[in-house]
Each structure stands twice: as C-alpha cells, then as structure tokens.
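Colleague: show me the folded form of this:
(one chain, ligands or ions: 1)
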Amino acid sequence: MTIDQFDFKGKKVIVRVDFNVPLDENGKITDDTRIRGAVPTLKKVLADGGALIIMSHMGKPKGKVNPKLSLGQITEAVSAAIGVNVKFAPDCGKAADAAAALQPGEALLLENLRFYPEEEGKPVGVEKGTPEFDAAKKEMKERQKEFAKTLASYADAYIMDAFGTAHRRHASTAVIADYFDADHKMLGYLMEKEVTAVDNVLSNIRRPFTAIMGGSKVSTKIGIIENLLGKVDNLILCGGMTYTFAKAQGGNVGNSICEEDKLDVALSVIAKAKENGVNLVLGTDCIAADAFSNDANTQVCPAGNIPEGWEGLDAGPESRKAFADAIKGSKTILWNGPAGVFEFDNFTGGSRAVGEAVAEATEAGAFSLIGGGDSVACVNKFGLADRVSYISTGGGALLEAIEGKALPGIVAIKG
Ligand code: AMP
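Modeller: Presented below is the predicted three-dimensional model:
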C-alpha cells in the first residue's frame, strides 16, 4: 500500500515519525528539520479526514521516564507545524482511551516511546555475555511484541515515516508492522523522499564522487568509511578523526581527541585508499586551542605537531583549502559530520568552508546529500540549506542505506 492510494477518511492512523529534535537547556527546539520533514505525511492524513496518533522517541532515556526528554515539550511546535491543536498522551503505553476519543482531523502525540524499555527491546540491568542475558533477551523480545501490539491497537493503519530510526528494529519502527496487513501499512512521504535521495547517490553515480566524513570519532564511522573506499573518488576525513590519523602517522596531537586503539585502523584506511586509487584528503593543519572552550586562546599549527596542553578544535586554513578543492569539482557529494567543534562560534570555520564548497559545487550541477544531525545543524547554522540538493533527516540510517544495507523499517513494510 502507498500513502497516495490509501483512503484515510474516518480512519485512525498511527504514524512513527522522528521527532528526536535537539533541545536547548530550556527545552526549546534548536533545529526543527525533523519536525518539518514529517509535516507532508501528517497533513495528508488530516486533509483526507483521518485522525493522527503520532509517536516518536527523543534522546536516550534508556527505558526510564525522564522529564527532560518528554515529547510534551514539543507539542506546541508540532501543533504549529501541522495546523491543528495536538493533544498529548503522557503515557504512550496507556493511550487507548485518548486514541479512541479522537475525531477525524484531530491529532494525538504520544509520550517518548523510549520511556519503555520494550521500544528498543534491549534487556535492562543484565550484562551482555552473562548466562542470564540470553533468557532476559528472549523475555524482552516477547515484551516488545506485546508493546508493539498495544501501539497497533490504537489505530486502523500504520505509517512508517521515521527515516532517522529506520535502521533499528524497534517496536514502533518495525515490530508494529506485524499487526497490520499489507493493505493497512505504508511508508510516509519522508521515507519515500529519503530512499529516492539515497538512490540518486548510489545508482548512476556521477563522478567525481566525493564523501566528506567528519565528527568526533573514527570508531563510529569506520564501517561506512571502509565501504566508501570502494565507491568514491575523493574521501575527505575531517573533524576529530583528523588527530587519530595524525597520531597514527607519528604525529603529536597534544590533548586533541584521539582514539589510541584505532591507530592501526587509520593506517589501514590510508593503505586501502592508495590501493583503490581514492584521493584521501586528511586535515594537515588545525586551529589548536588551549582549552575545550569557545573563548580559549588559539594558534594555527600542523595537525601532527600540536604543542602539549593544546588541542585541535577546527580545520586550519591549508586543510580548508584542500577540502574545498576536492569538493568543488565533484558531481556527487555526501557530507556527514562537522569539520570542527562547530557548536563553538569561534571554531566553525572548517565546517563553514566545507558547507560553502558543497553549496558552490551544487550550484555548478552536483547532487549533494547532507546527513547526520550535526552536519544538518551546520548547514542550517550557516544558512546553506537552500543551496544543497537534499538534507536527510537520517544519520546512522542514511549511512547504513548508503552502505547498501536493508533497513528494518522498510523491510517491515515492503518485505
Ligand atoms: P559525531 O557524532 O561523531 O558525528 O560527532 C559530532 C561532534 O564532533 C560534534 O559535536 C563536534 O563538536 C565534534 N567534533 C568535531 N571536530 C572535533 C574536534 N576537533 N575535537 C572534538 N570534537 C570534535
């Protein structure tokens, strides 16, 4: 079934969205890209005369109620986005009455799904590898099914539109689909758009294909980095990863973020890039700071020659130029992860240079796909959102899709 074929009139529809938006210390949304992303699907159901039950997770409450991660904080923003006064159900597992009372054209937002451990389906309080773990896992899987069944019982149809969590087999992203037949479950518009954007990158790649991977750690991105080494012409590795590479090549990185246990991995990436004829662009210089602070003193120095007590927080001028040069001639671009600690206004230069170069390449005809919460925040912070081809709401999901992995959230609907 597709969202355009289904008749929502008089139906209750439970929609899994990704409202995992960043909040500031006062609970104010700092980037609403993900809410905006879900609007077309939500409005479609309402416009057709359906009623909405909207569900999402926020952050990592690890199966416990945490008021700081309550979706109640975003009810007003969701109401404004979809143009109806959204009601709030403070317990997503006990929302049957609120759902039953919904009239056509009304909407109900459920509390954070991850306040229930059943959502993720991971055993709580049992160490992995212990004899109790397997039994606890089995029991939790059963509880997860029950939880998914409860969520499913609120509605006549299910829409999966949370691309950001489509790579997880959670109660609300995949298991719930088992309780709807093929005619009553479908992907939302955002999912369809995201999947098309990934297809644009992967099928008929226009070359040169440049991937820019930034962020803090090598360890969390190594899978995709290795995979990209078989696909791209240019691979730019920037951000905190720079220093693991610099150290691996014998450099001194001072207090910079550096994964000592990934030095061999860094060397093997360098070797594999050479083998594959990939132009690997690593940061050569940096803006080093004498503290992890926006107001720290700074100096420009080689990424592999940082004085003791200093740490690289942003790409230096030489690196920025090298990144921009590789990006500018590209015809396909994937960007995930910032080139520095862009949250500090004094260390945005590297990420801004990357963003500007991506925008210029796009204007010259490249297809650019930006994904991952932080790179999306960068693009928005620098006002470049309208100058890139597609901004994905997915981080991990996008990277897994690019790797060619089947996403459980899609498989649950399409088989
Ligand atoms: P990730 O979640 O791995 O994509 O990492 C994103 C985070 O990496 C952002 O919060 C950045 O502040 C951080 N980051 C980028 N460059 C550096 C750096 N040189 N040192 C420390 N953190 C960094």
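
Colleague: the stretch 301-415 of the chain: helices as residue ranges?
Modeller: For the stretch 301-415 of the chain, the helices defined by DSSP state H, counting those that start in this stretch cover 317-328, 349-363, 373-381, 396-402, 408-414.

Colleague: give the contact list for residue 40.
Modeller: 188, 189, 190 (C-beta atoms under 8 Å, 6 or more residues apart in numbering). Using the backbone N, CA and C atoms, a C-beta is placed for each residue, glycine as well.

Colleague: how about 6 Å then?
Modeller: residue 189 (C-beta atoms under 6 Å, 6 or more residues apart in numbering).

Colleague: whichever helix or strand it is part of to helix 373-381, inter-axis angle?
Modeller: Assigned by DSSP states H and E, residue 40 belongs to helix 33-47. Between helix 33-47 and helix 373-381, the angle comes out at 90 degrees (axes from the mean of the first three to the mean of the last three C-alpha atoms, to 10 degrees).

Colleague: mind listing what the helix or strand following helix 33-47 pairs with, with the direction of each?
Modeller: Scanning forward in sequence from helix 33-47 by DSSP H and E, the next helix or strand is strand 51-55. With DSSP bridges as the test, strand 51-55 is paired with strand 12-16 (parallel), strand 107-110 (parallel).

Colleague: give me the number of residues near the closest residue to the ligand within the stretch 101-250 of the chain?
Modeller: Using C-beta to the nearest ligand atom, the single residue of the stretch 101-250 of the chain nearest to the ligand is residue 215, 2.5 Å away. Using other C-beta atoms under 10 Å, residue 215 has 20 other residues around it.

Colleague: cool, and residue 206?
Modeller: 13.

Colleague: residues contacting the nearest residue to it once chain neighbours are set aside?
Modeller: Spatially, and ignoring its direct neighbours in sequence, residue 206 is nearest to residue 331 (3.8 Å; C-beta to C-beta, 6 or more residues apart in numbering). With contact taken as C-beta under 6 Å, 6+ apart, residue 331 is in contact with 206, 207, 366.

Colleague: and residue 331, what's its pLDDT?
Modeller: At residue 331, the pLDDT value in this model is 97.

Colleague: hmm, back to that, the residue of the stretch 101-250 of the chain closest to the ligand belongs to a strand, doesn't it?
Modeller: No: membership of residue 215 in a strand is not supported by DSSP: H, G, I helix; E, B strand; the rest coil, which gives coil.

Colleague: from what I see, it and residue 239 are in contact.
Modeller: Yes: using C-beta atoms under 6 Å, residue 215 is in contact with residue 239, at 5.0 Å.

Colleague: from residue 361, how far off is the residue of the stretch 101-250 of the chain closest to the ligand?
Modeller: 21 Å (C-beta to C-beta, to the nearest Å).

Colleague: what of residue 113?
Modeller: 39 Å.

Colleague: now swap in residue 129 and tell me
Modeller: 47 Å.

Colleague: ok, now residue 271?
Modeller: 28 Å.

Colleague: between those two, point out the one with more neighbours.
Modeller: residue 361 (26 against 11).

Colleague: show me what contacts that one?
Modeller: Each residue near residue 361 by C-beta under 6 Å, 6+ apart is listed here: 327, 328, 330.

Colleague: can you report how many residues lie near the last one?
Modeller: Under the neighbour criterion other C-beta under 10 Å, residue 330 is assigned a count of 27.

Colleague: need the overlap of contacts for residue 215 and residue 239.
Modeller: Jointly contacting residue 215 and residue 239 under the rule C-beta under 6 Å, 6+ apart are residue 337.

Colleague: return the residues of this protein in contact with the ligand.
Modeller: 215-217, 220, 239-240, 257, 312-313, 337-338, 340-341, 343, 372, 374 (C-beta under 6 Å from any ligand atom).

Colleague: which strands and helices lie in contact with the worst-scoring helix or strand of the chain on mean pLDDT?
Modeller: The least trusted helix or strand in the chain, going by mean pLDDT, DSSP states H and E, turns out to be helix 373-381, with a mean of 86. Here helix 373-381 touches helix 349-363, going by 3 or more C-beta pairs under 6 Å, 6 or more residues apart in numbering; DSSP states H and E.

Colleague: thought residue 201 was touching residue 369?
Modeller: Yes: taking C-beta under 6 Å as the definition, residue 201 is a contact partner of residue 369 at 5.4 Å.

Colleague: re earlier: closest to the ligand among the contacts of residue 361?
Modeller: Nearest member of these to the ligand, counting by C-beta to the nearest ligand atom, is residue 327, at 17.7 Å.

Colleague: measure the closest one to residue 354 for me?
Modeller: Distance from residue 327 to residue 354, by C-beta to C-beta: 7 Å.

Colleague: which one of the two is surrounded by more residues?
Modeller: Higher neighbour count among residue 327 and residue 354: residue 354, with 33 against 28, using other C-beta under 10 Å.

Colleague: show me what contacts the residue lying closest to that one once chain neighbours are set aside?
Modeller: In space, and not counting its chain neighbours, residue 354 is closest to residue 339: 5.1 Å by C-beta to C-beta, 6+ apart. Contact analysis of residue 339 by C-beta under 6 Å, 6+ apart lists 214, 238, 239, 315, 350, 351, 354.

Colleague: again with residue 397
Modeller: 163, 164, 166, 167.

Colleague: pretty sure the second one sits against residue 18.
Modeller: Yes: Residue 164 lies in contact with residue 18 (C-beta under 6 Å); the separation is 3.7 Å.

Colleague: and the contacts of the helix of greatest length in the chain?
Modeller: Counting residues, the longest helix found in the chain (DSSP state H) is helix 131-153. With C-beta under 6 Å, 6+ apart as the contact definition, helix 131-153 has outside contacts at 93, 116, 118, 121, 123, 126, 171, 175, 176, 179.

Colleague: need the max-distance pair from those residues.
Modeller: Farthest apart among these by C-beta to C-beta are 126 and 179. That separation is 27.3 Å.

Colleague: contacts for the least confident helix or strand of the chain, please.
Modeller: 31, 33, 335-338, 342, 351, 355, 370, 385, 391, 395.
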